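In: Sharing a model that was predicted from the sequence below.
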Amino acid sequence: MKITDFYNYRKPGPKISMVTAYDYTLAALAAESAVDCVLVGDSAAMVMHGHPSTLAATPELMALHTAAVARAVTGKLVIGDMPFLSMRKGLGPAMETVELLARAGAQAVKIEGLDGHGDLISHIVQSDLPVMGHLGLTPQSLNRLGGYRTQGRDQASAEKLVEQALELERRGCFALVLECVPAALAGRVTNLLKIPVIGIGAGPQTDGQVLVMQDLLGLYPAAPSFVKKYLDGRRLLTEALNNFDGEVKNSVFPAVKRTKDENSERDQSLADAPYGAAVHR
Ligand code: KIV
């Protein structure tokens with residue numbers, strides 16, 4: 001899916017699937033899959049670096065992951081996440097982070113929340129870099145929220161969320177992520193907005209769904225409870241590692257004959273391989 005497909009989205013349209021990716025290898029899988037678009041989320045701080053929250057993500061870290069993903073993904077929208085506090089240091093420094101992500105290959109940025117950075121969102125949109133909004137449970141607000149809790153449960157906070165969603169649309173966001181809000185509220189926002197609403201832990205009524213890739217593949221040990229695992233990744237990969245270990249310890253791998261065959265094939269393929277492939281394979 002390209003940015004123009006988002007602009008041309010008419011409801012009810014086909015559901016949109018988005019996954020996160022942070023590295024070249026898994027981003028290449030996302031690129032080859034039917035998934036519509038790729039988010040380089042600040043969840044990288046947790047999933048890739050083992051931090052307890054997304055607050056540890058920095059502009060440099062996000063740019064590094066964005067560049068790796070952008071090298072793998074062509075023909076699909078790559079969205080880079082603006083990390084904690086990067087929107088809050090004034091327009092100039094905020095635009096430096098935007099530039100860092102754009103030059104790393106992000107074709108759009110995602111920004112959590114609205115209060116205090118509405119003008120920045122308008123400025124980025126008017127600078128011709130599309131912006132995806134993000135409301136509901138905004139993990140960068142962890143210290144204020146006091147935990148990862150469903151948002152918009154009472155009337156006042158639900159109304160505020162609806163107002164903010166409309167405001168983000170008015171400011172030119174091309175899509176909105178709604179995280180961990182009641183399904184009825186997500187449905188209401190989805191019906192009110194013209195732009196596509198992509199939910200996570202927000203029920204089935206949104207225009208699309210996003211999941212952290214390592215969660216859906218069953219790789220991250222602490223996935224949220226709403227996640228559906230499409231693969232028992234930790235078990236399968238541990239099994240593969242244990243098979244490798246067993247074969248090394250029992251002198252099964254490498255087999256003598258196999259090594260010889262592989263080497264002759266390898267000599268041939270290396271002759272044609274680019275420098276990177278020759279080094280790594
Ligand atoms: O950082 C992230 O991965 C996200 C998605 C879960 C929406 O913001």
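Out: Ah, there it is. Note that the structure is predicted; figures quoted are calculated from it, not measured. Numbering: from 1, shown residues only.
In: Single out the residue in this structure that lies closest to the ligand.
Out: Scanning the chain for the residue nearest the ligand gives G41, at 2.4 Å (criterion: CB to the nearest ligand atom). C-beta coordinates here come from the backbone N, C-alpha and C atoms, glycine included.
In: so what's the backbone phi/psi at the nearest residue to that residue once chain neighbours are set aside?
Out: With CB to CB, 6 or more residues apart in numbering as the criterion, G41 has its nearest non-adjacent residue at 4.2 Å, and that residue is T20. As for T20, its main-chain torsions (degrees, to the nearest 10) stand at phi -90, psi 150.
In: Tell me how many other residues crowd T20.
Out: If you count neighbours by other CB atoms under 10 Å, T20 ends up with 26.
In: Could you report the pLDDT at it?
Out: We have a pLDDT of 98 for T20.
In: Could you do R266 as well?
Out: So R266 comes in at 57 (pLDDT).
In: Please list the residues outside stretch 182-199 that contact it.
Out: Stretch 182-199 is contacted from outside by 6, 9, 11, 13, 16, 18, 136, 150, 152-153, 158, 161-162, 165-166, 169, 173-179, 181, 202-210, using CB atoms under 8 Å, 6 or more residues apart in numbering.
In: Need the distance between the two termini of it.
Out: Using CA to CA, to the nearest Å, one end of stretch 182-199 lies 11 Å from the other.
In: ditto for stretch 37-50
Out: 25 Å.
In: Next, the buried residues of that stretch.
Out: For stretch 37-50, burial by neighbour count (16 or more other CB atoms under 10 Å) applies to 37-48.
In: In helices only, show me the residues you listed.
Out: 44-47 (DSSP state H).
In: could these go into JSON lines alongside pLDDT?
Out: Compiled in JSON lines, those are given as follows (pLDDT from 0 to 100):
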{"residue": "A44", "pLDDT": "98"}
{"residue": "A45", "pLDDT": "98"}
{"residue": "M46", "pLDDT": "98"}
{"residue": "V47", "pLDDT": "98"}
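In: Which member of these is positioned nearest T58?
Out: A45 (8.6 Å; CB to CB).
In: residues contacting the closest one?
Out: 51, 53-57, 61, 83.
In: Top of those by number of neighbours, please.
Out: Most surrounded of those: other CB under 10 Å gives A57, at 27 neighbours.
In: got a list of what that one touches?
Out: Applying CB under 8 Å, 6+ apart to A57 gives the contacts 42, 44-45, 81, 83-84.
In: Redo those residues as CSV? Include distance to Y230.
Out: Below are the contacts of A57 laid out as CSV (distance: CB to CB, whole Å):
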residue, distance to Y230
D42, 23
A44, 20
A45, 23
D81, 23
P83, 28
F84, 29
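In: Taking those residues, tell me the two that lie furthest apart.
Out: Among the contacts of A57, A44 and F84 lie farthest apart (CB to CB), at 12.0 Å.
In: So which residues on the stretch 151-281 of the chain come close to the ligand?
Out: 177, 179, 200, 210, 212 (CB under 6 Å from any ligand atom).
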